[in-house]
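> this one's sequence-less:
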């Protein structure tokens with residue numbers, strides 16, 4: 001059983017996010033702390049110059065509200081937002097915050113995943129804690 005479980009959240013796939021929630025609860029010890037993490041991809045500077053600055057703050061507020069709503073479904077759950085590339089940022093955040101398990105949802109692999117990889121693949125290969133991949 002794990003005490004500090006990180007669940008990366010992608011809002012576009014609520015059905016596999018729920019599967020991750022179920023798995024995390026099954027793997028959690030009685031006094032476990034669950035954390036929902038959403039990574040906001042960094043916008044390249046040559047693109048950011050053309051986007052109004054309030055778009056970023058509104059997006060962050062929206063993400064925070066959605067995370068908090070999801071957190072209500074889980075006991076002892078907190079939320080976090082990080083910026084960067086999803087795979088590296090999830091693994092770094094887990095290490096920096098003492099997570100002992102990452103429960104990450106993965107979509108059905110496609111041919112493009114063989115060439116490009118996916119966030120779940122990156123996390124499995126680079127995390128320094130246990131990783132459970134669910135579909």
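Received the coordinates, thanks. Everything numeric in this text was worked out from a predicted model, so none of it was measured.

> Phi, psi for residue 73 please.
phi -80, psi -10 (degrees, to the nearest 10).

> which non-adjacent residue is nearest it?
Residue nearest to residue 73 in three dimensions, not counting chain neighbours: residue 21, with 6.5 Å by Cβ to Cβ, 6 or more residues apart in numbering. Where you see a C-beta, it was placed from the backbone N, CA and C, and this is true even at glycine.

> Just the pLDDT at the one you found, thanks.
Looking at residue 21, its pLDDT is 95.

> Repeat that for the one 10 residues further on.
The predicted local confidence for residue 31 comes out at a pLDDT of 94.

> same question, residue 2
98.

> longest helix of the protein?
If you go by DSSP state H, the chain has its longest helix at helix 53-71.

> follow-up on the earlier one: hang on, the residue nearest to residue 73 packs against residue 71?
No. Using Cβ atoms under 8 Å, residue 21 makes no contact with residue 71, being 10.1 Å away.
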